Structures are given as C-alpha cells and as structure tokens.
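S.K.: Sequence first, predicted model second:
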Amino acid sequence: MDRIEYEKTIKACRFCLMCRHMCTVGNISYAEANTPRGHALMLDCVGGEALADTSENRSRMAEIWFGCCYCGHCQNNCVSSYPHPDAMMTARAEADESHLPERAKALRAIVAKTGEFYENPVQAGGASDAAKGKAGADVLLYIGSFTRNEDSGVADAAISVLEKAGVSYTLLADEKGVGMAPFLMGMTDVAQTQLAAEIEKINALKPGMVVTLSPDDLRVLAGGVSGLDASGLTAPVTGFAAFTLGLVKAGALALSGGGAASATPTAAPALIAYHDSDQGGRFLQDYDAPRELVQSIPGIAYKELFWAKGEAASAGESGAIRLLNPELASKIAEKRIGQIAGRGVSIVATDSPEAKAQLVGQGNKDVKFMHIAELIKQHIA
Amino acid sequence: MIKEAHFNEGFRKELADVVGPDRVLTSEVDRLAYANDVFWIPNLWIDRKKEPPKADYIVQPGSVEEIQGILALANRDKVPVVPWGGGSGSQGGVIPLYGGIMMDLKRLNKIIDIDETSYTVTVETGINNTLLEKALNERGLTFPHYPASANCGSIGGFIAHRGSGTLSTKYGKMEDFVLSVEAILPSGKLIQTMPIPKHASGPGLHELFVGCEGTFAIVTKATLQIYKLPEERRFSSYLFPTLEAGLEAGRRMMAEGVGISACRLYDPGSTKTKVGDVLGIKVDNDDASYMVIGLDGHSEMIDVQEKLINKIVEGLDGKNMGREGGNRWWEQRYHFYYPPYEFRLPWMYGTMDTVCLYKDMARLYRAKKEALETNFKQHGIRYIAHFSHWYKWGVMVYDRFIIEEPPTDPYEAIKLHNEIWNMSVRISLENGGVINEHHGVGLKLSRFVKDAFNKDTFEFLKDLKNVTDPNGILNPGKMGMAPDAPSQRGLMELWTG
C-alpha cells in the first residue's frame, strides 16, 4: 500500500474500536497491543515521548506485526473499509530484520531460497502430468503452493471434476507461487518479482481462464492484494467454486446425491455447511457461489451456520500464522470449531485448502472438513 | 495513602505467581496500548508527542481467585489498581494517572447461564457486548443495549458507568438491566447482591456497584435482563419546523405511553451537519430538526403505535419523511462516532451530555448554546446536539462542542478545554441538569462530583469509598475520589483543571 494510504489508515485506526469484537488475535491474547487500535497507536507514537524508538520496543512491535493473523475481520467490520490488514503487511515489510522474531527470520530464509514456505517444494504429480504446459486450453488450473506441497488430494479432486465436465485444461509445469509467501514475510520486492514471473508463464500458455484452488492465489491474481501488481495477467481469473457452478448451470456437469451426502444409502442426508475462509470470505466476499454450488448437489441438506460469512471466525489459515506461531493458529481454529460443533452438521466444505487443514487439525470426530473440490468430486453423477 | 507506584521486579514476580508469567505484561509497547481511552485529553497529549501516564503492570486475571490474589498484593503494598473493560470510555475512566496495575478483565468472558424462562443471562463481566448479543441472537434472544461502544465495550464497563444504548427509551439504561452483581473488594471479600433487585429486604446493594466506576470494587459477574428478539424493528423519520416542536413531540409520545424504543431528535445544527454527512439527507430549512423514531415488537402493535406517532407529529406541523431515512439511520447508527465522521484531532471536541426534566430542557439547551458560542466565539466554537434517551419525566441532551483550530500548545489547549467544560457543567447544574447522563464521571468530570451533591452527601460518598477501599487503591482520581498522592508528572492537576 502507498505511504499516504498507510498513514491515513494508521491515523483512523488509532481512534476507532469498531472492529474490536472481531479481532481474532486480540480475542485470544486479550492484549490491547494485539488489536488494530493498539497497532495504530504504537505505529503513530514510536519515536516520540510516548514510545521510545528502542531495540526492545521495535522487537516487541515486530512480534506483534508477525502475530497478526491477516484474517480480514478488522477491514470487514470497518465503518470506512480502512485496509488495516494491508497496513499490517506494510509494517511487516518495514520491520528491521534484526528485530524479527526468530521464527520469522527462519521463514524468511526459506522463502528467500525457494520462494515458498517449503525447503523442498514439490510440483503436482500423478494424473496431472500429461496436462502440464498445454497451450490454448480453456482452463489453467492453478494448484497453489499449499495444495502442491501438503494436500494433493484437493488437486486430484479438481482435475477429476474438470475431466468429467469435459473441460480442456492445463497446469503450469513448474508452479512457483504467485508471491503470497514472500508478501506475508514482508519481502514485497521478492513477491512482486515472483508474481510477475508466474504471470509470464501463465500468459505464455494463453489459457481461456485461470481457475484457482486457493482463495489466496485468487486474491493475488485478481489484483486484490495491495502492493502486488497482477495487471499483466491476460486471462480472466476465478475460483474453483464459481467456475464449477458455471459448469453445473450450463449443464456441463451433473451432480448426484449419495457419496458424502449420506453415511449409508438409506440414512438421512448429512447436514452440510460452508466455512468462509479468510481470503475467500472477508477479503473477496465470495459468499454466494460456493453456497449455491453446495446446494446444487441433489438430495443434500444444507445448513447455514449462525456464525457465517463476515462473522465466521477465522480458522487461522492466513498470515502464515500456522508457521509463525502454530500454538496461536491452533487456538484460532479451536474457536472456529466452537462455532461449528454441536450445530448438527456433519460435513463442512470450504474454498481454502489451508483453512481445511487448520480445521481438520483440531481432530473433531463429528464433523468432516472438505475442500469444495473434494465434495463435488464425491457427487459427480 | 497510595504509593506513587513504579515498576518493581519483585512485585512483578508476585503478580506472575498469581496469574502466570504470560499474563503480566510490562513492555513499554504493551503499557502504551492501555494508556488512553476515548477521552480527548490523553489523545491530544499523545498526538502532540507527549508521554501519557502508563500503568506499570498490565495484568490479565482469568478468575475470581486471581483477582483476589492481585488485590491482596496491591492492598498490601498500596499499589493502585485500574480495572480495564474495553477501553472505550469517553471520560478517562481507565487513565492510570497514578501508575500501578492495569487489571484487564477481558479474560473473564464466559456466559455462565442463559435462563430462557425468566429471560436473564448471567455473565462474567469482561465479556464483549456484541459477542454476548450475537450468542443470544443465535438462540432468538437479545440484550438490547446498543451504545456506540457496543463492539468494543464490555458488560463490566457498561455497569461501571451506568451507560445507555440506542434503544434505552424502551429497554432502559444499564442500571435497569442489572438484576444482581458479584463484586470483589480490595480486602478480597466477595460481595454477592440479592438474586433479584425488587425486594423489601434492605437496601438494593447492587446499586452501590452499578456506576461506581471501579472505585469501590471490581464487579466480576452480573445477571442481566434479556428479551426475545422482536418480530420487527421499524424505523421512521420526521422533520419538525423547530427544535421545540420536536421536543414537544417526543414528550407527548412518552407522556401518552406510545411505547417507542428509540427517539433521536437532532437540533438544527446536527440536522445540517451530522444527518447530512452520515445519512446523506439534506435539509434546506436552517431551523428544522430531524427525528428518527424506532419501534420494535409485534408488527400489529407497531402498526398501531405508528398511527399514534403520526398523529402527534401532524399536530405539531411535523412532516413524515418515511422509513428509508429511519432504516438508514439504524444501519449506520454507529457510523456517527467513528472515522471519518467522528470529530478527530487536531480538533477539540467534547460531549457534555446531561439530563433534566422536560420543563427545563429547552432552557438548558438554549442557555448552554448561547453561553458557549458567546464566550468562546474567538475560538470558532460550534455547539450541536441531539436528544436521544427519553423518559416519562424528561430527556437527555447529547450536546457537543467543536473547535476546529484549537491552540497548538497542548497546555493551552487543555486549559481551554477545561474552561469550556467548567462553564458547560455549571450551566447544566444551574438549569436542573446533572453532571452526566450516561458516559460516567471518570477523570473528566471528577472535579464536579462534589458540586452534584450537597457537602454532607459528598462526604457520605467518600465515607462509602473509605469503607470499601480504605487504602484508596481502586481507580484513584476517578468519580471525585482524588487521592492524597502525586500523580505521574503532575498530570492530574493539569488534566482536570
């Protein structure tokens, strides 16, 4: 974000408490310094009488910037939509390396080396190999860093759906990420370079459309992340749920009941709910398409959670918090489980592979968490 | 006499033994985050790059036992303790002028019991108001206390200063919601008031703690009245040719028992500025007053109420502006108080709300407007108001002053600020008003408490304080309870005039 917008945001947030109730980290640590008002106050004061510019203070502040979980609730609850999450990422970028928490330093080193959060990142394999690098396909399926490295089943499910619908698709032969990992670590220049290179590779294949499996990638490629310029992307970009809904509506993909919808053929349909991820929900406000897609499955019973859409608690998947502070990320996910458990739902779908992993990680035995591609795959007619 | 507290590592360790090391924050960064609320003076002070008073220790207890442990240490060493709810007060009620312990109560946030037969909820008082409301809404219930600080304030904070919400005209002020409280004295004694407030079994002791601003005890638990979510909430807007016509309309609605849930009447100044800026409703008539009326309950009853209201409005030459403006107001009711609509530094501003009988209100409003606009004309002062908490007997005026170019020197600015407040409160008291209706006393109005009572009554209030808190450790300097001890850098004297 530019300097003027950054300073405007800090000045506004310093005097406002409207998002206080939804601040994910503030509601777990209970520390005022972890709230948007607290962030803004110290950013505005550092260097003056109110807050000395000492190494100790800079270190504590960096700890706070790298402890913000980038859930988007503050911006979503802001009267004036001030981009406080972007201000936090700017603060991360401006934090001096020497003051960073040790875990952040270690992650920066990995990202500097590989461009991702993984020491030895992998590419999508298996059935997708034949489709890689094919020019002129209708769809380029952008797998995403997390799915490639930690949950390839989501990619396999999405590919099955595309193939069943007869969609001509391709994948990048060597996905490197669209810059989110370096961006979250405050390495803005690295992030932009990585994004530009990825866009160049995508453009070279001339796909009719780019479809993402992670809302993080969708947000970046759609130009929704301040400080990352995706304007060079020539193809339109959309999320998997919206694209698949289009296939269903066009009659290109038929869905059926059974599968995950019921435990046995004679049992009552399982209650299915939808979890709004940080990036897909609060930032992109992509609330309708995934719900419509889930509800288009014949014979399923859909239940809207009370804590849904803008009010759904984060699962702790954003801001690299699960890597920077796994204990905090787990507490965040635990709170979200508290909003889901005991409401009668047995399946919860989401658009975010990272959010799914966070929720699965809580080990709740009564609810099955699935990426929406996995749910749809189970219901292909 | 309380000590002028300062950081002591041994004392920090003792606090950590009580609550755990992670729940005692002592970094300068963390202490700064607890150095201000919404009171103009500390915000100006910080904005002018001056160092605000900071607590020495931020302590986050999670149980009654931990609070008792903290208070035992503080009482032993005479270290000040300031309770922190959400930090959203406008009166400086949490400013730690004497340092010491900032007791952040947000970890006490459990809903203990929801009684769907009696419509009560029992909560720990650190719970956030909006999160409580959402939890109740999930069950079709509501705690209809909607102040502008709803999203950040805690139940304990609202109890501490006897707050009001947007729908107070139907549901009452905070003191009307409270059935009983649990509170801890500095001695560690656990006070539990009677389970119900209506009785003939001695005084209603819960009232001693509702509005005590943390100066008598730490309120840890409360049982509150709740309601079923109404079938409908309907809002309509009206325009009156004069402020007096609007005031009379509101009075008649209350006197005739129409049963409105909200009535917000904007004076001509607010109608031109606030209503125009926030709601986008432009009014050409410079004398006109805009009113929003809220009704909630069963739709059939609301239809009847609406007819009665329309009749009253027509009888006073008011104009029905329809429901759109009313609904917009409800949706944006908090927007008035936050950026970019709220007054902001470097402006000087203050909300001087008071309440009086209907017979006195127009006179009080006119007297204050004239006095402030005349005496502080050279500073370009503006005075605007709205009337928003209505009773059978009277109404509250939420009046505000604004100076867009105050003195740049913070000492001069604070001096001017306090002169305006001195005049404002004097006029309120002279015209049958009180020093405050719903924001509380805090630090801002502390010097006026003695004027709100006769000498013996004020002495009695101080005696009560001496009984509950003989060492004067609880929230020193607030609610008229000035301690016999120096404040940090003499700021008590400067900030409170």
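M.R.: Good, I have the coordinates. Numbering: from 1, shown residues only, chains lettered A, B, ... in the order given.
S.K.: Tell me the confidence at the closest residue to B:Ala35 other than its chain neighbours?
M.R.: If the residues on either side of it in the chain are set aside, B:Ala35 comes closest to B:Pro52, at 4.1 Å by C-beta to C-beta, 6 or more residues apart in numbering or on different chains. (C-beta placed from N, C-alpha, C; glycine too.) As summarised for this prediction, B:Pro52 has a pLDDT of 95.
S.K.: near chain B, which residues of chain A show up?
M.R.: In this structure, chain A approaches chain B at residues A:11-12, A:15-22, A:27, A:30-33, A:35, A:37-38, A:41-42, A:44-45, A:48-52, A:54, A:56-57, A:60-61, A:64, A:77, A:79-80, A:82, A:306-307, A:311, judged by C-beta under 8 Å from any C-beta of the partner chain.
S.K.: Sort out for me which of those are in helices.
M.R.: Filtering these for membership in helices, criterion DSSP state H, returns A:11-12, A:27, A:37-38, A:41-42, A:44-45, A:56-57, A:60-61, A:64.
S.K.: Check the residues you listed and tell me the two furthest apart.
M.R.: A:Ala12 and A:Glu56 (27.8 Å; C-beta to C-beta).
S.K.: Comparing these two, which residue is more hemmed in?
M.R.: A:Ala12 (22 against 12; other C-beta atoms under 10 Å in any protein chain shown).
S.K.: thinking the more buried one is in contact with A:Tyr82, fair?
M.R.: Yes - at 5.0 Å, A:Ala12 and A:Tyr82 qualify as touching, with contact defined as C-beta atoms under 8 Å.
S.K.: Overlap in contacts, those two.
M.R.: Shared contacts of A:Ala12 and A:Tyr82, defined by C-beta atoms under 8 Å, 6 or more residues apart in numbering or on different chains, are found at B:Pro339.
S.K.: Just give me the neighbour total for B:Arg48.
M.R.: Neighbours around B:Arg48, by other C-beta under 10 Å: 18.
S.K.: now the helices for the stretch 151-300 of chain A?
M.R.: Assigned helices in the stretch 151-300 of chain A, in chain order: A:152-164, A:180-184, A:188-204, A:215-221, A:240-249, A:288-295 (criterion: DSSP state H, counting those that start in this stretch).
S.K.: The last one: how far from the chain's middle?
M.R.: When C-alpha coordinates are averaged (C-alpha atoms, centre = their mean, to the nearest Å), helix A:288-295 and its chain have centres 18 Å apart.
S.K.: Give me the helices and strands touching it, please.
M.R.: In this structure, helix A:288-295 packs against helix A:240-249, strand A:271-275, strand A:301-302, helix A:372-378, with contacts taken as 3 or more C-beta pairs under 8 Å, 6 or more residues apart in numbering or on different chains; DSSP states H and E.
S.K.: Show me what from the stretch 251-400 of chain B comes close to chain A.
M.R.: B:Tyr334, B:His335, B:Tyr338, B:Pro339, B:Pro340, B:Tyr341, B:Glu342, B:Arg344, B:Leu345.
S.K.: Identify those among these that sit within helices.
M.R.: Checked against DSSP H, those include nothing in helices.
S.K.: Just the buried residues of the residues you listed.
M.R.: Neighbour counting over these (16 or more other C-beta atoms under 10 Å in any protein chain shown) leaves B:Tyr334, B:His335, B:Tyr338, B:Pro339, B:Tyr341, B:Glu342, B:Arg344, B:Leu345 as the buried ones.
S.K.: Poorly predicted segments of the chain, please.
M.R.: Picked chain A for this. Counting by pLDDT under 70, the ranges of chain A that qualify are A:126-128, A:258-268.
S.K.: The intended chain is chain B.
M.R.: Residues of chain B that meet the criterion pLDDT under 70 lie in B:1, B:3-5.
S.K.: and if we set it to 90?
M.R.: By pLDDT under 90, the weakly predicted segments of chain B are B:1-6, B:274, B:276-278, B:334-344, B:482-490, B:496-497.
S.K.: Mind naming the longest helix for it?
M.R.: Using DSSP H to define each element, chain B has its longest helix at helix B:410-430.
S.K.: so what secondary structure elements neighbour that helix?
M.R.: When contacts are defined as 3+ C-beta pairs under 8 Å, 6+ apart, helix B:410-430 sits against helix B:40-47, strand B:348-351, helix B:358-375, strand B:394-403, helix B:449-452, helix B:491-495.
S.K.: Can you check what angle separates that helix from helix B:40-47?
M.R.: Computed with axes from the mean of the first three to the mean of the last three C-alpha atoms, to 10 degrees, the direction of helix B:410-430 lies at 170 degrees from that of helix B:40-47.
S.K.: Show me what counts as buried in helix B:410-430.
M.R.: By neighbour count with 16+ other C-beta under 10 Å, helix B:410-430 contains the buried residues B:410, B:413-414, B:416-418, B:420-421, B:423-425, B:427-429.
S.K.: Which single one of these is nearest to chain A?
M.R.: Checking the buried residues of helix B:410-430 against chain A by C-beta to the nearest C-beta gives B:Pro410 as the nearest, at 11.3 Å.
S.K.: how close does the residue nearest to that closest one when sequence neighbours are not counted get to B:Gly325?
M.R.: Once its chain neighbours are removed from consideration, B:Pro410 has its nearest residue in B:Arg48; the separation is 4.4 Å (C-beta to C-beta, 6+ apart). Remark: distance between B:Arg48 and B:Gly325 (C-beta to C-beta, to the nearest Å) = 39 Å.
S.K.: now what about stretch B:411-424, what contacts it?
M.R.: Counting by C-beta under 8 Å, 6+ apart, the neighbours of stretch B:411-424 from elsewhere in the structure are B:40-41, B:44, B:348, B:350, B:352, B:368, B:371-372, B:375-376, B:379, B:381, B:399, B:401, B:403, B:406-407, B:444-445, B:494-497.
S.K.: Now do it: distance to the chain's middle.
M.R.: Relative to its parent chain, stretch B:411-424 has a centroid offset of 21 Å by C-alpha atoms, centre = their mean.
S.K.: how about it as PDB, C-alpha atoms only?
M.R.: Once side chains and other backbone atoms are set aside, the C-alpha atoms of stretch B:411-424 remain, and they are given as PDB (Å, rounded to 0.1, in the frame of the first residue of the first chain):
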ATOM      1  CA  TYR B 411      -1.100  23.100  27.800                       C
ATOM      2  CA  GLU B 412      -3.100  26.000  26.400                       C
ATOM      3  CA  ALA B 413      -5.400  23.600  24.600                       C
ATOM      4  CA  ILE B 414      -6.100  21.600  27.700                       C
ATOM      5  CA  LYS B 415      -6.700  24.900  29.700                       C
ATOM      6  CA  LEU B 416      -9.200  26.000  27.100                       C
ATOM      7  CA  HIS B 417     -10.900  22.600  27.000                       C
ATOM      8  CA  ASN B 418     -11.300  22.600  30.800                       C
ATOM      9  CA  GLU B 419     -12.700  26.200  30.800                       C
ATOM     10  CA  ILE B 420     -15.400  25.100  28.300                       C
ATOM     11  CA  TRP B 421     -16.200  22.100  30.500                       C
ATOM     12  CA  ASN B 422     -16.400  24.200  33.600                       C
ATOM     13  CA  MET B 423     -18.900  26.500  32.000                       C
ATOM     14  CA  SER B 424     -20.900  23.700  30.500                       C
END
